[in-house]
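*Asks:* Here is my input, please return the structure:
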Amino acid sequence: MAARLTVQEVKGLYDKISNWGRWGADDERGALNFITAEKRARAAKLVHSGEIVSLALPLSTKTTPDNPQPVQHMMLHSGPPGVAALDYFGMAPHGMAFTHLDALCHVFYQGKMYNGFSDREVGRFGARKCAIDVTRDGVMSRGVLLDIPKAKKVEWLDPGDAIFPEDLDAAEKLGKVHVEEGDILLLRTGRHQRRKVKGAWDPRREGLPGMDASCLEWIHERRVAVIGCDAVSDIAPSPYGAELGLPIHIGTLVIMGIHLIDNCDFDALAETCARLGQYEFLFTMAPLILEHATASPVNPLALL
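*Replies:* Just a heads-up that it's a prediction; the model follows:
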């Protein structure tokens, strides 16, 4: 197994992979700039069978060990007398239970968010910089699934298991794909397959698998636009403790400006990709236009 980087080595890596200023001092879109109109047009040509797969978990209203803050669903009006039924939904999208897109204002490092904007740009008023509504036109590009358990010939990764760059390479080889500029990188750890077999667990106590910080340089070299994971991309809890609690979140959201999709469900997609022998596809996602917000619940789709 590869050696884990030290805290100081991770911090030094941040300087090496920074995209601050790459698209101008005022840029708030980050690595979404890698997705061009030409990239989207090429991605659309990957649709052959016409099959479509949702990559999202249900917005559960049930309290479980991995969902301590379930969605609130209340009926404002239902049944007779009347002509309509009306709902109310309330949710906290961040965490480890709901499929959501992290805005670039979600995480700070040394008092800064992406592109050097101050953390003071976020307050009770919401976010004045790098909010989720920079994605108001949606996200569409080539999606690539890297099925890490399948490449490692296991059913799933266990909590605390680390994904190293060589694991990403092996999953590319398995899928006969090469992650490139403007791609949506989707990482399957097998989290939900494990849950089906062993039951729910509290990821804040027992942990989740995730990428080792050494993967950040690999991601930077490939010019990835967005990363989605069936866990939260980071190993949980962090192997670096409080000093560097979310090294992948910091390296992607803050340093490289890469939006993250947490808590996806890739099990159906993995089965479809294996059956079709196709691990690249058209990826589409339309986050809610929530002005000044730090996240949006999403239902990403893969079209093959």
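*Asks:* Would you confirm that Trp49 contacts Leu304?
*Replies:* Just to correct that, residue 49 is Ser rather than Trp. Yes: applying Cβ atoms under 8 Å, one finds Ser49 in contact with Leu304, separated by 5.5 Å. Bear in mind the C-beta positions are built from the backbone N, C-alpha and C, glycine included.
*Asks:* who touches both of the two?
*Replies:* Leu276 (Cβ atoms under 8 Å, 6 or more residues apart in numbering).
*Asks:* who's more crowded, those two?
*Replies:* Between Ser49 and Leu304, counted using other Cβ atoms under 10 Å, the more crowded position is Leu304 (21 against 12).
*Asks:* Is the more buried one in contact with Gln278, as I believe?
*Replies:* Yes: using Cβ under 8 Å, Leu304 is in contact with Gln278, at 5.7 Å.
*Asks:* Find the residues that touch each one of those two.
*Replies:* Common neighbours of Leu304 and Gln278, using Cβ under 8 Å, 6+ apart, are Leu46, His48.
*Asks:* In contact with the closest residue to Gly160 other than its chain neighbours: list those residues for me.
*Replies:* In space, and not counting its chain neighbours, Gly160 is closest to Gly207: 4.7 Å by Cβ to Cβ, 6 or more residues apart in numbering. Neighbouring residues of Gly207 by Cβ under 8 Å, 6+ apart: Pro159, Gly160, Ile235, Ala236, Pro237.
*Asks:* per-residue confidence at Gly30?
*Replies:* Looking at Gly30, its pLDDT reads 98.
*Asks:* same check, this time on Ala3
*Replies:* pLDDT, Ala3: 66.
*Asks:* now Pro80
*Replies:* We have a pLDDT of 75 for Pro80.
*Asks:* again, but for Glu243
*Replies:* For Glu243, the pLDDT comes out at 86.
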